[in-house]
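# pasting the sequence and the predicted coordinates here, then a few questions.
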Amino acid sequence: MGIDLLDFDSTLERKNKAIPDRQSFIDVLKKATAREDVNAIKQDIRNILDALKQESKSAGASNDNLQLGQGFEFLIESLEQALDAYSLERCKYYLGRLVRSLTTEKIGKINDLNMNRWKEYKDIITDSLWIVQKRDRTGAHNAGYWGNFIPQIPQQLLKRYTKNKDWVLDTFLGSGTTLIECQRLGRNAIGIDLSVEALKEAKANLDGEKNASDSKVELVNADSTEISYKELLEKYNISSVQLVIMHPPYWDIIKFSENSKDLSNAPTMESFLSGIRKIADGVYQVLDKGRYLAIVIGDKYSKGEWIPLGFYAMSEAMKAGFKLKSTIVKNFDNTKGKQSQQDLWRYRALLGGFYVFKHEYIFLFER
Ligand SMILES: C[S@@+](CC[C@H](N)C(=O)[O-])C[C@H]1O[C@@H](n2cnc3c(N)ncnc32)[C@H](O)[C@@H]1O
């Protein structure tokens, strides 16, 4: 009834280890999967589980030792699922899936996620409501640039919608949050901003961040509504990009500069939206088919009226030909300045029958 795991103790390389190496582990799993008796297969699973638990407790044990590529927690979880299965067929199915996850890859078309190990990607959000408690302040990331987004936004987008060495275009670079993430994750990127000050800040941030994968990050001083995207890409010897991120000013909520071309100085909402439309039209020409555009934007109040700026901007991208894939609602925290005014806003909200803004949107579109 027992399995070869008992023999593991006798191996020379890893004496006293419950599991000697990756291949033995896979072989034992395969052997169990081949059983035709439910009691026998479950006894095998129990033995494997005991060995795994023992291994995970032993000093210095890590999945790297075993090169299993997966945490013990996940392996134990998967085996327990197989153990709880009612039928032999189901039990074999779960074990087979575990073996596949350790031996084969199923890589996505537009990312590097291995779908045979999808359960491992616990950090990747798939719900449309994002509650992010804390801004990532690691490395070069900082909240110094007023109006920058939290790094988790580009990080999530890059992981799901790009592959290693893909090109990312950020049409509103700001302090370079997207490009810092690209540098971390091994993506190439072009960031455009109208403001020379913003570019300086982005450059300083990028210089302060490691570039282990030799990502190319290009900073461009231009008006995103007017630039020829095709000509821009030619400069870097590429004809298309694989992800576009747009984080425009939320019209006039924060004034970024005195420049009249700055969208935060757009005299009317129509002119602001026409700028968004021009960019959407422009990037449509250079984004690969099947790839994604993300627009990060919030709404605003004007004279006691809620202006659904986000949805208007979303509509402009759709008019440009993009297919809407998701509307994500993300929380945002009070900035320090607002904190002191919290009571005042609450009072005004109660009095005026409105709500205090606590969210913004990430609209996702497929080209
Ligand atoms: C909301 S911020 C982007 C922040 C950025 N995501 C970050 O994390 O730092 C918007 C940026 O758009 C820039 N901007 C405004 N109008 C522009 C235009 N017409 N072309 C290019 N950049 C523009 C502003 O200078 C500002 O840096």
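Cool, got the structure.
# just checking, Asn211 touches Gln183?
Yes - applying CB atoms under 8 Å as the test, Asn211 and Gln183 come out as touching, 5.0 Å apart. Every C-beta, even on glycine, is put in place using the N, C-alpha and C of the backbone.
# near the ligand, which residues of the stretch 201-350 of the chain?
With CB under 6 Å from any ligand atom as the criterion, the stretch 201-350 of the chain meets the ligand at residues 223-225, 247-249, 256-257, 261-264.
# would you state the helices of the stretch 101-250 of the chain in chain order?
For the stretch 101-250 of the chain, the helices defined by DSSP state H, counting those that start in this stretch occupy 152-161, 177-185, 196-207, 229-235.
# tell me where the stretch 201-350 of the chain has strands.
Under the criterion DSSP state E, counting those that start in this stretch, the stretch 201-350 of the chain contains strands at 217-221, 241-246, 287-297, 300-302, 305-307, 323-331.
# what's the burial count for the closest residue to the ligand within the chain?
The ligand sits closest to Gly174 of the chain, with a gap of 2.5 Å, by CB to the nearest ligand atom. The local packing of Gly174 (other CB atoms under 10 Å) involves 24 other residues.
# residues touching it, list them.
145, 147-148, 193, 198, 201-202, 247 (CB atoms under 8 Å, 6 or more residues apart in numbering).
# and what of Gly208?
Gly208 makes contact with 139-140, according to CB under 8 Å, 6+ apart.
# let's see that with 6 Å instead.
Ala140 (CB atoms under 6 Å, 6 or more residues apart in numbering).
# check contacts around Leu158.
Remark: with contacts taken as CB under 6 Å, 6+ apart, Leu158 is in contact with 181, 185, 187.
# chain neighbours aside, what residue packs nearest to it?
The shortest distance from Leu158 to any non-neighbouring residue, by CB to CB, 6 or more residues apart in numbering, is to Leu185 (5.2 Å).
# give me the neighbour count for the one you found.
Neighbour count of Leu185, defined by other CB under 10 Å: 19.
# same check on Glu89?
Glu89 has 9 neighbours, counted by other CB under 10 Å.
# just say helix, strand or coil for it.
helix (DSSP: H, G, I helix; E, B strand; the rest coil).
# from Ile41, how far off is it?
According to CB to CB, to the nearest Å, Glu89 stands 11 Å off from Ile41.
# and if you look at Leu98?
Using CB to CB, Leu98 is found at 13 Å from Ile41.
# for stretch 101-119, measure first residue to last.
Distance between the two ends of stretch 101-119: 10 Å, counting by CA to CA, to the nearest Å.
# now swap in stretch 170-180 and tell me
Counting by CA to CA, you get 12 Å between the two ends of stretch 170-180.
# average model confidence for it?
The pLDDT scores in stretch 170-180 average 97.
# can you check stretch 145-156 too?
The pLDDT scores in stretch 145-156 average 93.
# quick revisit: need the winner for burial among the helices of the stretch 101-250 of the chain.
helix 177-185 (a mean of 27; mean count of other CB atoms under 10 Å).
# for that one, give me every contacting residue.
Against helix 177-185 from outside (CB under 6 Å, 6+ apart): 140, 148-149, 151, 154-155, 158, 168, 170, 189, 191, 205-206, 209, 211, 215, 217, 245.
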